[in-house]
Each structure stands twice: as structure tokens, then as C-alpha cells.
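> only the shape, not the letters, is given here:
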């Protein structure tokens, strides 16, 4: 049986190798968008590896590494989304299409944004509820909502197309063009995630309060 120091050293070595392997390309390479994407992928890989090590070895240091990697991945996703939105808001049609291609498409960036928004909401809005069960329901609600929103964006793109004409068609619903269409596709998972979290919180809170009134009556 390894002593605690040896186990910690082994964990550190494994995590370092994982990071070097997944981030073999420079984290901030050709541009910010590409760099943020690479950094997010590396952080996700390290988080998965750290979670596995923490589960197998019950190592608190690995658990902390996993939390840090999760925060880095979320931050990288926010940077990527911000970069995409900034470029699209002021770019031409060709620039918009090139930026979307680099980011994996509007549905991909929307899904990643929805997931990051769900994590942030869960860590801020739903981290300290009076009723822990309500908080848990809100957490599930944000992720389910983000997933449904991403699915809605994917279905919309499937129907209209992901080209300039399709994006302009989507944008016309809110009185805009291509840029507005991209904005709608990216925002849908975030809005749905927020709604899902709120609904989960309210549903459980009302159910719990109803049970308490029934018990006291």
C-alpha cells in the first residue's frame, strides 16, 4: 500500500501527463478562438482524469484539481462564445461563416454556451438554497433546459439550413439578419437552461411547502 505522499505524487504525475498529452498544441495558438477551444478540451480531459483518480484513490487533491479544471473549461467556453459573438456582431457575411466554421457551427457553440451557463447558474444562483432538494432540482433543470434548447437550435438549423440564407431566415424572426440568427441559436440553450432551473426550483419548493402545510394541518 502506498503512503499518502507517494499517492499524491502519483496523482500529480498522472494529471501532468494527461495535460501534456491533451494540450500538445499550444494553448493559445493561431488565434483566441482556436486557443480557447484547445484550452477547453485540455481542461475537460484533465477534469475527467482527475475525477477518475479521485474516485479510485479517494484523493482530495485530485478532487480539487478536477474542480479547478472544470472552472478553466467553463472560462474557456465563455471566452470562445464572447469571441464568436464579438466577431459576428461586427463582421460581414463571409466573416460570420468563417468564424462559425472555426467554432464548430452555431449549434455546437450554442450547446457549449448553454452548458457553461448552466454550470455558472448552479454555482451562483442555486448553490445555497434553504431546501437542498430544490437546489438539486434546479441543477437538473438547468442542464435539461440547456439540452432541450440545444436540440431546438439543431432542429431549426436542420429545417432552415446553416448557410447564410438559413441564418438570415432565423434572424428575420427577431427583425435581424445573419448575425441575429446566430444570436438566436446561441441564446436558445442559455434561455432554456435558465427557465429549466427556475422551474425545477419552484416546483420542488411548492411541493415541499405543500407537504409541510399538510403535515402541520
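Everything's here; your move. What you see is a predicted model, and the numbers here were worked out from it, not measured in a lab.

> domain map for the protein?
1-90, 96-217 (automatic domain parsing).

> lowest-confidence stretch among these?
The stretch with the lowest mean pLDDT among those is domain 1-90, at a mean of 56.

> give me the element the spatially closest residue to residue 178 that is not a sequence neighbour is part of.
Nearest residue to residue 178 in three dimensions, chain neighbours excluded: residue 167, at 4.4 Å (Cβ to Cβ, 6 or more residues apart in numbering). C-beta: built from backbone N, CA, C; applies to glycine. Using DSSP states H and E, residue 167 falls within helix 164-172.

> and the angle from the longest helix seen in the chain to helix 164-172?
Using DSSP state H, we find that the single longest helix of the chain is helix 178-216. Counting by axes from the mean of the first three to the mean of the last three Cα atoms, to 10 degrees, helix 178-216 lies at 50 degrees to helix 164-172.

> list the buried residues in helix 178-216.
178-190, 192-194, 196-201, 204-205 (16 or more other Cβ atoms under 10 Å).

> hang on, residue 122 packs against residue 194?
No: look at residue 122 against residue 194 with Cβ atoms under 8 Å: they stay out of range, at 11.1 Å.

> mutual contacts of those two, please.
residue 142 (Cβ atoms under 8 Å, 6 or more residues apart in numbering).

> helices along the chain, start to end?
Under DSSP H, the chain gives helices at 4-22, 32-57, 60-90, 93-103, 106-124, 132-160, 164-172, 178-216.

> contacts for the fifth one?
The set of residues that contact helix 106-124 without belonging to it, under Cβ under 8 Å, 6+ apart, is 40, 70, 74, 77-78, 80-81, 84, 100, 103, 138-139, 142-143, 145-147, 149-150, 153-154, 157, 162, 167, 181-182, 185-190, 192-194, 197.
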